[in-house]
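K.L.:
Using only what follows, build the 3D model:
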Amino acid sequence: MPDLEGNLTEVLCDHTAGDPMREDLIWTYLSQREIAEELAAYGTPVSTKVVGELLGELGFSRRQAQKRQTMGSDPQRNEQFERIAALKWEYFYSDDPVISMDTKKKELVGNFHRPGSGYTNGVVETFDHDFPSHALGKVIPHGLYDLKRNVGHITLGLSHDTSEFACESFWTWWRDYGRKVYTRARRVLLLCDCGGSNNARHHIFKEELYRLAGRLGLPIRVAHYPPHCSKYNPIEHRLFSHVTRACQGVIFRTLDIVKKFIRRTKTQTGLRTTLNVLPKPYATKRQASDWFLENYPVHFDAYLPQWNYVVEPAL
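P.N.:
Numbers count the residues shown, from 1 in each chain. Model (predicted):
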């Protein structure tokens with residue numbers, strides 16, 4: 001009598017892949033229908049339902065790959081996390097804001113497919129390709145998350161994600177909301193990643209922070225998360241994940257639709273979201289001014305200065 005389990009093992013051995021770092025982890029690229037066809041060729045025909053049950057008995061289940069492995073690690077990673085934790089503790093028990101900053105991925109405006117689904121009484125059709133030339137424009141969602149008040153703020157840029165745009169986004173939040181609730185603030189703690197428009201190595205970001213500090217009239221203490229650690233930035237899981245959920249399956253046909261659904265971002269634990277639009281164009285590849293490079297009005301910490309510094313407003 002043909003051995004069904006033996007034949008299944010034989011089929012899987014010929015059609016599996018594995019992880020060279022984990023000998024116990026393997027997966028098959030065959031569908032249940034294809035496995036059933038292979039088993040029939042071995043003389044043991046079964047239904048796809050039986051194939052599914054047999055795979056379950058062998059420990060196979062349908063899973064998606066998870067983005068969990070970092071692409072690198074800085075040797076001083078843990079020390080910086082401890083430094084950030086100490087700063088957050090210090091600022092939480094003061095009258096000063098603790099703000100997490102980052103930029104979400106840009107979105108094309110137009111009849112383009114977006115991940116997710118929703119209730120509908122008919123088929124929603126979108127373009128079959130995401131060609132930017134067919135877009136009405138693009139939006140760059142720059143985010144700020146107020147850790148103390150559990151409030152998010154999204155600024156939609158229509159140009160480029162630059163240091164000037166990031167600091168202008170912060171200013172509009174402070175002008176419209178921040179200064180009204182932090183009336184006794186004497187300083188600001190800003191948490192951000194190491195790359196992008198808030199790159200820890202770029203002079204232009206520090207010069208824009210210097211200008212921002214002047215507009216705020218407050219010193220800005222900056223703490224960057226180490227390289228490859230952006231997922232630990234609070235804004236990622238406390239704001240951006242909820243923005244993604246609020247906009248899931250929504251076709252961003254117009255800017256008004258983008259604004260409407262981002263504004264509705266909230267949670268049962270009290271998160272609410274404000275929104276602003278900055279339509280002005282921002283030039284890319286700008287360099288820091290000669291005056292800034294010569295005077296460099298930035299105070300770097302003695303400990304881990306590449307990630308920790310204070311930008312004072314001009315006197």
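K.L.:
List of residues touching the host helix or strand of residue 99?
P.N.:
In this structure, residue 99 sits in strand 98-103 according to DSSP states H and E. Strand 98-103 is contacted by residues 88, 91-92, 140-148, 161, 166, 170, 188-193, 196-198, 230, 233-236, 238-240 when judged by C-beta atoms under 8 Å, 6 or more residues apart in numbering. Any C-beta I mention is one placed from the backbone N, CA and C, and that applies to glycine too.
K.L.:
list the buried ones in the helix or strand just after that strand?
P.N.:
Remark: after strand 98-103, the chain's next helix or strand is strand 107-109, criterion DSSP H and E. For strand 107-109, burial by neighbour count (16 or more other C-beta atoms under 10 Å) applies to 107-109.
K.L.:
hmm, who's touching stretch 213-226?
P.N.:
With C-beta under 8 Å, 6+ apart as the test, stretch 213-226 has contacts from 74, 76-77, 80-81, 83-84, 87, 171, 174, 185-194, 198, 200, 209, 212, 232-233, 306-314.
K.L.:
Could you pull out the buried residues of it?
P.N.:
Neighbour-count burial for stretch 213-226 flags 213, 216, 218, 220-226 (criterion: 16+ other C-beta under 10 Å).
K.L.:
between those residues, which is closest to residue 276?
P.N.:
residue 216 (16.6 Å; C-beta to C-beta).
K.L.:
pLDDT score assigned to that closest one?
P.N.:
The confidence metric pLDDT takes the value 97 at residue 216.
K.L.:
Pop out the phi and psi values for it.
P.N.:
The phi/psi pair for residue 216 (degrees, to the nearest 10) reads phi -70, psi -30.
K.L.:
I'd like the distance between it and residue 79.
P.N.:
29 Å (C-beta to C-beta, to the nearest Å).
K.L.:
now the strands for this protein?
P.N.:
16-19, 22-28, 98-103, 107-109, 137-146, 151-157, 188-192, 220-224, 272-278, 298-300, 308-311 (DSSP state E).
K.L.:
Can you lay out these as TSV showing mean pLDDT and distance to residue 292?
P.N.:
Putting the strands of the chain into TSV (pLDDT from 0 to 100; distance: least, C-beta to C-beta, whole Å) gives the following:
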stretch	mean pLDDT	distance to residue 292
strand 16-19	55	48
strand 22-28	58	49
strand 98-103	98	21
strand 107-109	96	33
strand 137-146	97	23
strand 151-157	98	23
strand 188-192	98	18
strand 220-224	98	15
strand 272-278	97	23
strand 298-300	97	9
strand 308-311	98	11
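K.L.:
how deep is residue 186 tucked in, by neighbour count?
P.N.:
Neighbours of residue 186 under the rule other C-beta atoms under 10 Å: 10.
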